[in-house]
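Visitor: Sequence first, then the predicted structure:
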2 protein chains.
Amino acid sequence: MMQSPLAFEEHDHHHCAGDVLERAEALAAERGARLTPVRRRALEILLEAHRAMGAYEMLDRLAAEGFGKQPPVAYRALEFLVEHGLAHRVRRLNAFAACMHPGEAHSPLFLICRACNAVAEAPAAPVHAALGAAAGAAGFTVERATLEALGLCDGCRAAEAAQE
Amino acid sequence: MMQSPLAFEEHDHHHCAGDVLERAEALAAERGARLTPVRRRALEILLEAHRAMGAYEMLDRLAAEGFGKQPPVAYRALEFLVEHGLAHRVRRLNAFAACMHPGEAHSPLFLICRACNAVAEAPAAPVHAALGAAAGAAGFTVERATLEALGLCDGCRAAEAAQE
DNA sequence: TTGATCATGTTATATCATCACGAGTCAAGA
DNA sequence: TCTTGACTCGTGATGATATAACATGATCAA
């Protein structure tokens, strides 16, 4: 599998890990949610990997660190993170990614590069507005939305164009 | 499992099946795609069921009619239909649904009612526009999009409100 | 009619996700 | 202090979804 960073451009990785983790802890405390060792470690692993990761890869890593070895261990930790907005599920990839903006209410738009497998989380407010309008016209009230785009990031698009 | 029609309101079911199938055939012919017996039957089954259907349920039905009994039989037929715009994949449900507007280029927006499991295909042009803009700002070119909303159709919303 | 291509079927396996159960933890209140 | 109830985490087992790899047969253009 190729490298799959969570944003297309270079960025301050320290922010992604440390700062986000810190905010996650504050959030959990504030809401009475228990960021237990497995859960916290799962979030750290997602942040360190800095890409979308399948539940079984997560399980392998957790097991290697002395946590349980059965699928529910990983699924439960990931479910907790998703429930509390600390991670997101990327359905197209059957995978999970750390949320880069915990706390800020947002249902993200994922941009998935089919060439380098990078997954970026983009602001989605206008998309949600359009979505709500379309749904309303059809007699439907949206509670949660899955917005995932498959395509090419600029880097890979340039590379592909050059190759032809 | 509950009934899961593809639109929230009553409608002319004959149109959904007969007419769509007819257009599908025309489309296939036009594009040199071979709508073979399994493929055609798979599309008919989707149209008749008139709801999202998992690959294994499709497989059961195909097998019962004398087609192959192994998963690839269903997956290949469904893959063909999706590739040619005759069906769509609903990722949130790990299921497939017949396209109600074959030929009209559209990447659909699915509205999934969490109460009655109905799945409706809504017009998504404005959503795509917003999506493209958001992606462009992030340095990304969209090729395909998954747009799925989970929520309540008006009927179920009224029922839920009445119950409380 | 021959060769290229595509379709269909098979067996086997990979991958993703949940169920059901029991032991340990922890805090609120009798 | 001692229950009690909610929650957590681990287990084995199973369920659900999807693909790989390969053989046979159909289709069609040259």
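Guide: In hand now; what should we look at?
Visitor: Check which helices and strands the strand or helix carrying residue A:22 is in contact with.
Guide: Assigned by DSSP states H and E, residue A:22 belongs to helix A:20-31. Counting contacts by 3 or more C-beta pairs under 8 Å, 6 or more residues apart in numbering or on different chains; DSSP states H and E, helix A:20-31 packs against helix A:37-49. From N, CA and C alone the C-beta is placed, and that goes for glycine too.
Visitor: Quick one: distance of the helix it packs on to the chain centre.
Guide: Relative to its chain's centre, helix A:37-49 lies at 12 Å (C-alpha atoms, centre = their mean, to the nearest Å).
Visitor: ok, and for that helix, which residues are buried?
Guide: Across helix A:37-49, burial judged by 16 or more other C-beta atoms under 10 Å in any protein chain shown covers A:38, A:39, A:40, A:41, A:42, A:43, A:44, A:45, A:46, A:47, A:49.
Visitor: Over to stretch A:75-95?
Guide: Under 16+ other C-beta under 10 Å, the buried positions of stretch A:75-95 are A:77-81, A:84-90, A:92-93, A:95.
Visitor: nearest to residue B:114, of those?
Guide: Checking the buried residues of stretch A:75-95 against residue B:114 with C-beta to C-beta, the nearest one is residue A:89 at 16.1 Å.
Visitor: Which strand in chain A has the most residues?
Guide: strand A:140-153 (DSSP state E).
Visitor: any residue of that one up close to DNA strand D?
Guide: No. Strand A:140-153 does not reach DNA strand D (C-beta under 7 Å from any atom of the strand); its nearest approach is 13.7 Å.
Visitor: swap in stretch A:27-41?
Guide: Yes. Counting by C-beta under 7 Å from any atom of the strand, DNA strand D has neighbours in stretch A:27-41: A:33, A:34, A:36, A:37, A:38, A:39.
Visitor: Can you give me the end-to-end span of that stretch?
Guide: Across its full length, stretch A:27-41 reaches 16 Å between end residues, using C-alpha to C-alpha, to the nearest Å.
Visitor: Find out how far it is from the centre of the chain, if you would.
Guide: Here stretch A:27-41 shows a centroid-to-chain-centroid distance of 17 Å under the convention C-alpha atoms, centre = their mean.
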